[in-house]
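**Student:** structure of the sequence below:
(one chain, ligands or ions: 1)
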Amino acid sequence: MTSPINPQDIGKQKAGAAAAELIKEGMVIGLGTGSTAKRLIEALGERVKNGLHIVGAVPSSDETAAYAAQYNIPITNLDEHPELDIYIDGADEIDPQLRLIKGAGGALLREKIVATAAKRFVVIADPSKKVEQLGHKYPLPVEVVPLAVTPVKNRLARLGAQVAIRERNGQKFYTDSHNLVIDCTFPEGITDPTALDATIHSIPGVIETGLFINLAKQIIIGKPDGVEIYP
Ligand code: 5RP
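**Tutor:** The predicted model follows:
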């Protein structure tokens, strides 16, 4: 792996390493997506190399599947293992009630499916991800069937969002499930995440939102001098 070069990267590494210790012999686990999840995979890979046996890991993205394979972590899926012992993933924003915005990496749909299949969802992050109110630092991603992207975008704009269809390298960004993502910025932040999530889900063509509510059980915040665990 690359060496951590700043306090944020060191924090991600500490959080990933602490979360890897939660994985026990014989577990079936879910692996998140993103730079913090990669630090988890590296730490877990080290444990697997030293003899830890896990039944399998369900990846939340193609990128994670490829990265985990590099560390000889056995890959499985939700058909083989519909119930997971633990799911560990990063987040873009975490509020005091452990509600999250996720999906800056575009893996929100699979992340939510894998998170809801797990008995326990643990979030790993550096301190910059903690916020008082969701929606001020990161846009809320909404995954949409391509056919519906323009009407959904217009409906989201009518809810007060500044909307942008996500692009990567100047091209429309497609998720692993071949959908598009609309990034929604709410200038006042998100005052009622539960109500907003329900409203967005009611729009035909919307597949999933990046609001993760009542899913995370625990947060591990990594800092250069150690980790803080909530609750
Ligand atoms: C990807 C995600 C990531 O978990 C989130 O973007 C955090 O990423 P990072 O650990 O790189 O900050 O939701 O869809």
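
**Student:** surely residue 71 touches residue 42?
**Tutor:** Yes - using C-beta atoms under 8 Å, residue 71 is in contact with residue 42, at 6.6 Å. Just so you know, the C-beta spots here come from the backbone N, C-alpha and C atoms, and that holds for glycine as well.

**Student:** shared neighbours, those two?
**Tutor:** Common contacts of residue 71 and residue 42, defined by C-beta atoms under 8 Å, 6 or more residues apart in numbering, are absent altogether.

**Student:** wasn't residue 183 part of a strand?
**Tutor:** Yes - membership of residue 183 in a strand is supported by DSSP: H, G, I helix; E, B strand; the rest coil.

**Student:** can you report how many residues neighbour the nearest residue to it once chain neighbours are set aside?
**Tutor:** With C-beta to C-beta, 6 or more residues apart in numbering as the criterion, residue 183 has its nearest non-adjacent residue at 3.8 Å, and that residue is residue 139. Per other C-beta atoms under 10 Å, the neighbour tally for residue 139 reads 22.

**Student:** kindly report the same for residue 191.
**Tutor:** 11.

**Student:** domain parsing for this protein?
**Tutor:** 7-131+213-230, 140-208 (the TED database).

**Student:** nearest to the ligand among the ones you listed would be which one?
**Tutor:** Closest of the domains of the chain to the ligand is domain 7-131+213-230, at 2.7 Å (criterion: C-beta to the nearest ligand atom).

**Student:** close to the ligand, is the closest one?
**Tutor:** Yes - contact of domain 7-131+213-230 with the ligand is found when judged by C-beta under 6 Å from any ligand atom, involving 32-36, 89-92, 102-108, 111.

**Student:** what about the residues you listed, which are in helices?
**Tutor:** 35-36, 108, 111 (DSSP state H).

**Student:** give the pairing partners of the helix or strand hosting residue 207; include direction for each.
**Tutor:** Following DSSP states H and E, one finds residue 207 within strand 206-209. Its sheet considered, strand 206-209 pairs with strand 140-144 (antiparallel) by DSSP bridges.

**Student:** which residues are in contact with the partner strand?
**Tutor:** 101-104, 106, 108-109, 134, 152-153, 156, 161, 166, 175, 177, 179-186, 190, 196, 200, 205-211.

**Student:** correct me if wrong: residue 85 contacts residue 119.
**Tutor:** Yes - in this structure, residue 85 is within contact of residue 119 by C-beta under 8 Å, at 6.0 Å.

**Student:** more neighbours, the two?
**Tutor:** residue 85 (18 against 10).

**Student:** that one: what's it in contact with?
**Tutor:** 24, 27-29, 118-120.

**Student:** switch the cut-off to 7 Å
**Tutor:** By C-beta atoms under 7 Å, 6 or more residues apart in numbering, residue 85 lies in contact with 27-29, 119.

**Student:** give me the below-cutoff pLDDT ranges for the chain.
**Tutor:** 1-4 (pLDDT under 70).

**Student:** hey, where'd the helices end up in it?
**Tutor:** Taking DSSP H, the helices of the chain run over residues 7-20, 35-49, 62-70, 108-116, 149-158, 193-201.

**Student:** turn those into TSV, columns for mean neighbour count.
**Tutor:** What follows is the helices of the chain, written out as TSV (neighbours: other C-beta atoms under 10 Å):
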stretch	mean neighbour count
helix 7-20	22
helix 35-49	21
helix 62-70	17
helix 108-116	23
helix 149-158	16
helix 193-201	17
